[in-house]
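# just a sequence and a predicted model for now, questions to come.
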Amino acid sequence: MINPKLQYCRCGYYFKPSVFMKIVMLIKGKYVWTCPQCRAELELVLVSHVVCVNRKENMDKEIWKNS
């Protein structure tokens, strides 16, 4: 079952947008959030709920290299 209050990244990471994020979305119109797992940038917009309108993947190969 999908929870509408959670936001999901394609890598499988999910989070609940905070009140601070929602206030920034109201004032500026959008909020850019970086996924801590895959480093993709998600552009979030508040309509009646939070919606991801754009996703920019970080194609830096350094992230995926085993140390």
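Ah, there it is. The structure presented is a predicted model; accordingly, all values stated were derived computationally and were not measured.

# give me the number of residues near Tyr31?
For Tyr31, the count of nearby residues is 21 (other Cβ atoms under 10 Å). To be clear about C-beta, it is placed using only N, CA and C from the backbone, and glycine gets the same treatment.

# ditto for the one 10 residues further on
Under the neighbour criterion other Cβ under 10 Å, Glu41 is assigned a count of 13.

# how about stretch 48-61: buried residues?
The neighbour-count check on stretch 48-61 (16 or more other Cβ atoms under 10 Å) flags Val50 as buried.

# quick one: contacts of it?
Outside stretch 48-61, the residues within contact range by Cβ atoms under 8 Å, 6 or more residues apart in numbering are 4-5, 7, 10, 17, 21-22, 25, 30, 38-45.

# any of those buried? List them.
Among these, those buried by neighbour count (16+ other Cβ under 10 Å) are Gln7, Pro17, Met21, Met25, Arg39, Ala40, Leu42, Leu44.

# among those residues, which lie within strands?
Taking DSSP state E as the definition of strands, these contribute Gln7, Leu42, Leu44.

# where's the dip in pLDDT among these?
By pLDDT, Gln7 ranks lowest within these, coming in at 89.

# surely that residue and Glu43 touch.
No - the pair Gln7 / Glu43 is not scored as a contact, 11.3 Å apart, by Cβ atoms under 8 Å.

# buried residues, the lengthiest helix in the chain. List them.
Longest helix of the chain, by residue count under DSSP state H: helix 19-28. Across helix 19-28, burial judged by 16+ other Cβ under 10 Å covers Met21, Val24, Met25.

# any chance of the residues you listed in CSV, plus pLDDT?
Output for the buried residues of helix 19-28, formatted as CSV (pLDDT from 0 to 100):
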residue, pLDDT
Met21, 92
Val24, 93
Met25, 92
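
# got TSV for the residues you listed, with distance to Val53 too?
Listed next are the buried residues of helix 19-28 as TSV, based on distance: Cβ to Cβ, whole Å:
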residue	distance to Val53
Met21	14
Val24	15
Met25	11
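
# mind checking the end-to-end distance for stretch 4-24?
In stretch 4-24, first residue to last residue: 19 Å (Cα to Cα, to the nearest Å).

# residues in contact with that stretch: which ones?
With Cβ under 8 Å, 6+ apart as the test, stretch 4-24 has contacts from 31, 33, 35-38, 40, 42, 44, 46, 49-50, 52, 55.
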